[in-house]
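**Q** Kindly return the folded structure for what I paste below:
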Amino acid sequence: MKVLRERLLPLPVVAKILDEESRKRSLSSVESVALEFARKFSRLPPEAAEGLVSELVGMGLPVEVAVQVVNILPESEGELRTILAPLSRVFTGDELRAILSKIKAAKGGE
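**A** The predicted structure follows:
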């Protein structure tokens, strides 16, 4: 397999890509383990995950952090602050609530 490009992807998108590949060919052991992991920990449909990453990047989050937020789907300001802690920026309560609102909407308003 030839690498055409490299980019960060949320787990639901990884699961979708590997699932499509598994229909075309036999996956390597590493790919199979990655597919199992991605299926197990995906909590959104692939399209919703990609949309949420785009929205979070649009709100000023680096793509690396946006992907991790989508993978983890924090439910509280404290959980979200923990994910955002490595950034040199301090987020206001309003900004955190806006991010959590986007997450809730992507999850279907649970």
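
**Q** What about residue 31, how many residues nearby?
**A** Look at residue 31: counted by other Cβ atoms under 10 Å, it has 16 neighbours. To be clear about C-beta, it is placed using only N, CA and C from the backbone, and glycine gets the same treatment.

**Q** residue contacts, it?
**A** By Cβ atoms under 8 Å, 6 or more residues apart in numbering, the contact list for residue 31 reads 18, 21, 22.

**Q** TSV please, covering the residues you listed and showing neighbour count and distance to residue 52.
**A** Formatted as TSV, those follow (neighbours: other Cβ atoms under 10 Å; distance: Cβ to Cβ, whole Å):
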residue	neighbour count	distance to residue 52
18	18	20
21	14	24
22	13	25
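
**Q** between the residues you listed, which is closest to residue 46?
**A** Nearest to residue 46, judged by Cβ to Cβ, of those is residue 18 at 11.3 Å.

**Q** where's that closest one, which helix or strand?
**A** For residue 18, the element it lies in under DSSP states H and E is helix 11-24.

**Q** What are the structural domain limits within this protein?
**A** 11-41, 46-106 (automatic domain parsing).

**Q** Take those and lay them out in CSV including mean pLDDT.
**A** What follows is those, written out as CSV (pLDDT from 0 to 100):
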stretch, mean pLDDT
domain 11-41, 96
domain 46-106, 96
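
**Q** Okay then, goodbye and thanks.
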